[in-house]
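Visitor: please find the sequence and the predicted model below.
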Amino acid sequence: IQRDSKFAKITQEHVDHFKGILGSESAVIDGVSQDATDDIEPFNSDWMRKFRGHAKLVLKPSTTEEVSKILKYCNDNMLAVVPQGGNTGLVGGSVPVFDEIVINLSKMNQIRSFDEVSGILVADAGVILEVADNFLAEKGSIFPLDLGAKGSCQIGGNVATNAGGLRLLRYGSLHGNVLGIEAVLPDGTIVDDLSKLRKNNTGYDLKHLFIGGEGTIGIITGISIICPQRSPAVNVAYFGLESFEQAQKAFTEAKSHLSEILSAFEMMDGRTQKIIQKVAGTKLPLEGDYPFYCLIETSGSNADHDSEKLQNFLEHVMETEIVQDGVLAQDQTQIQELWACREGITECLGHWGGVYKYDLSIPISRMYDLVNDVRDRFTEAGLLGDDESFPVVDVVGYGHMGDSNLHLNVPVRRFDKKVEKMIEPYVYEWVANEKGSISAEHGLGVTKRPYVGYSKSETMIRLMKQIKDSFDPNGIMNPYKYL
Ligand code: FAD
Ligand code: MLT
Ligand code: ZN
């Protein structure tokens, strides 16, 4: 990709203008007038350290009005921008490609209101997910999204990526839970749609364009979201299974035995569990080695009632040998230890140098076939092996099995074009043949930009471009990304 020459380069005059809007020292990280490259570095590189931008300016507004003034000025002066939340995105969407200005939402971190009767939370976009959830815990509620990056990702970033996470199976997607949005358009217009209504059929529901929009049409500054009751009784179990077939049977049985209390059904292959043991020293919950593992969580309102259901389920899957071995957490510490076997995978996979990550929706019966196919390709090509001379360390699969969402990951010792060419477009063609999606929950960002056509028709891409143009005619919002 080449820098688009229609965008202006940042000058001292621009910087002075922004300093006038934002006032406080810490709100402007300025690499134009002073050598602040060190301070700017974390805003320029993504979580995986795969993408690196060259922004010279980071702006941290504290209010919606400040965001509005910044964007209006950028739009009038053809300055390109990248909205940034916690910078935990996995598709290179949250960092600049060239010298776009980073607009970081971390100073917009206030909870605005919470209604204990309806469970509706209204908060600034920059509130950290875990902070929001801890606030809600005190009120007996829960944020309807949870994911491994909760300690740093922001609720605005979650909405902008339409993050799925670990409990989508139970609470549904943000398209259902987000009731309203406050956002700023590139021309500075404040879209005040912070509705608290569950039902509101009054024409096009425009908030949905911001949910999963990945910062390409405006900046989300506030959200209103419906939060369910927090379940007092939570149980977590972890199983070893002999095959992916058995994992599917376990899922069917979990749905029928646990029905309304089932709140997560996650799958990890045996390779991921060996990796977390080796890299992070995680103590694995079961003695034996199994090719597949599942983590099941139940959340309900009556501990006795839930335990009885869970016991029946466990007895059934053990007796019928659907499951080879299993463990049920006895307390909060054990619950966390079991979850660590699932949530710890992402970080460990980066251990050798890099990871090719694929986040795919695939019909459930075919989910793991892709992992096997990709592994066979690398083995046959002689690229996968244990010592330094092989670029590929392993090919692993894990993910939100309850949502048919596979995370296919290829940890490598170095990024290598030869390796990349063996997986892309192979994986995307494979997924398109199954009528799946090339991005189940992480979004498109810069990584998936060339491959949108595998999941969207020409007509749909044309309509998306028309929408983008009508919101952002100058194209300043998060350029070079998927549109
Ligand atoms: P960022 O990374 O800062 O930004 C992501 C995108 O949103 C960018 O395009 C950015 O421009 C845009 N954006 C950010 N804030 C705004 C805003 N206020 N207005 C407009 N646009 C904005 N994702 C899942 O779906 N499920 C998971 O289970 C999951 N687990 C993860 C586990 C780990 C360890 C990590 C590192 C990531 C995980 N992710 C997961 C990726 C996920 O996309 C992010 O964690 C999260 O949703 C991004 O939030 P963020 O605040 O970090 O956004
Ligand atoms: C997860 O489910 O762990 C996240 O989506 C992150 C990842 O894909 O590694
Ligand atoms: Zn995921």
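Guide: Great, that's in hand. Ligands and ions are numbered 1, 2, ... in the order given.
Visitor: residues touching residue 477, list them.
Guide: 81, 83, 186, 215-219, 471 (C-beta atoms under 8 Å, 6 or more residues apart in numbering). To be clear about C-beta, it is placed using only N, CA and C from the backbone, and glycine gets the same treatment.
Visitor: 6 Å - rerun?
Guide: 186, 216 (C-beta atoms under 6 Å, 6 or more residues apart in numbering).
Visitor: out of everything not next to it in sequence, what's closest to residue 479?
Guide: Distances taken as C-beta to C-beta, 6 or more residues apart in numbering put residue 80 closest to residue 479, at 5.1 Å, once the chain neighbours are dropped.
Visitor: and the gap between that neighbour and residue 6?
Guide: 9 Å (C-beta to C-beta, to the nearest Å).
Visitor: what about these two, which has more around it?
Guide: Remark: of residue 80 and residue 6, residue 80 carries more neighbours, 25 against 11, as counted by other C-beta atoms under 10 Å.
Visitor: and that one, what's its pLDDT?
Guide: Listed pLDDT for residue 80 reads 98.
Visitor: for ligand 2, what is the nearest residue in the stretch 51-200 of the chain?
Guide: Ligand 2 sits closest to residue 148 of the stretch 51-200 of the chain, with a gap of 5.0 Å, by C-beta to the nearest ligand atom.
Visitor: low-confidence ranges, the stretch 301-450 of the chain, go.
Guide: The stretch 301-450 of the chain contains no residues with pLDDT under 70.
Visitor: strands of that one, start to end?
Guide: Shown for the stretch 301-450 of the chain, the strands assigned by DSSP state E, counting those that start in this stretch span residues 325-328, 354-361, 396-400, 405-412.
Visitor: for stretch 177-195, list the C-alpha coordinates in PDB.
Guide: Taking Å, rounded to 0.1, in the frame of the first residue of the first chain, the C-alpha atoms of stretch 177-195 are listed here in PDB:
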ATOM      1  CA  ASN A 177     -27.100  -5.900  23.700                       C
ATOM      2  CA  VAL A 178     -26.000  -2.400  22.700                       C
ATOM      3  CA  LEU A 179     -29.000  -0.200  22.900                       C
ATOM      4  CA  GLY A 180     -27.500   3.100  21.900                       C
ATOM      5  CA  ILE A 181     -24.400   4.900  20.700                       C
ATOM      6  CA  GLU A 182     -23.000   8.300  20.900                       C
ATOM      7  CA  ALA A 183     -20.500   8.900  18.100                       C
ATOM      8  CA  VAL A 184     -18.800  11.700  16.300                       C
ATOM      9  CA  LEU A 185     -18.700  11.900  12.500                       C
ATOM     10  CA  PRO A 186     -15.600  13.100  10.600                       C
ATOM     11  CA  ASP A 187     -17.200  16.500  10.000                       C
ATOM     12  CA  GLY A 188     -17.600  17.000  13.800                       C
ATOM     13  CA  THR A 189     -21.300  16.200  14.000                       C
ATOM     14  CA  ILE A 190     -22.200  14.500  17.300                       C
ATOM     15  CA  VAL A 191     -24.700  11.600  16.700                       C
ATOM     16  CA  ASP A 192     -26.600  11.400  19.900                       C
ATOM     17  CA  ASP A 193     -28.300   8.100  19.800                       C
ATOM     18  CA  LEU A 194     -27.700   6.900  23.400                       C
ATOM     19  CA  SER A 195     -31.100   5.300  23.500                       C
END
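Visitor: could you give the mean pLDDT of it?
Guide: 98.
Visitor: do it and ligand 1 meet?
Guide: No - judged by C-beta under 6 Å from any ligand atom, stretch 177-195 and ligand 1 are separated, with a smallest distance of 7.1 Å.
Visitor: so how far is the longest helix along the chain from its chain's centroid?
Guide: Criterion DSSP state H: the longest helix present in the chain is helix 303-319. The chain centre lies 32 Å from the centre of helix 303-319; the measure is C-alpha atoms, centre = their mean, to the nearest Å.
Visitor: indicate the residue of the stretch 251-400 of the chain located nearest to ligand 2.
Guide: For the stretch 251-400 of the chain, C-beta to the nearest ligand atom, closest residue to ligand 2: residue 346, 3.5 Å.
Visitor: list the contacts of that residue.
Guide: Neighbours of residue 346 in contact, by C-beta under 6 Å, 6+ apart: residue 148.
Visitor: residue 446 and ligand 1, how far apart?
Guide: 9 Å (C-beta to the nearest ligand atom, to the nearest Å).
Visitor: for the nearest residue in space to that residue that is not next to it in sequence, pull up the helix or strand it's in.
Guide: Distance criterion C-beta to C-beta, 6+ apart; nearest residue to residue 446, sequence neighbours excluded, is residue 92 at 3.9 Å. Using DSSP states H and E, residue 92 sits in no helix or strand.
Visitor: hang on, residue 92 packs against residue 443?
Guide: No - look at residue 92 against residue 443 with C-beta atoms under 6 Å: they stay out of range, at 9.8 Å.
Visitor: if I look at residue 91, how far off is residue 438?
Guide: From residue 91 to residue 438 the distance is 11 Å (C-beta to C-beta).
Visitor: just the buried residues of the longest helix of the chain, please?
Guide: 306, 309-310, 313-314, 317 (16 or more other C-beta atoms under 10 Å).
Visitor: with respect to residue 62, which of the residues you listed is nearest?
Guide: Ranked by distance to residue 62 (C-beta to C-beta), the buried residues of helix 303-319 are led by residue 306 at 43.6 Å.
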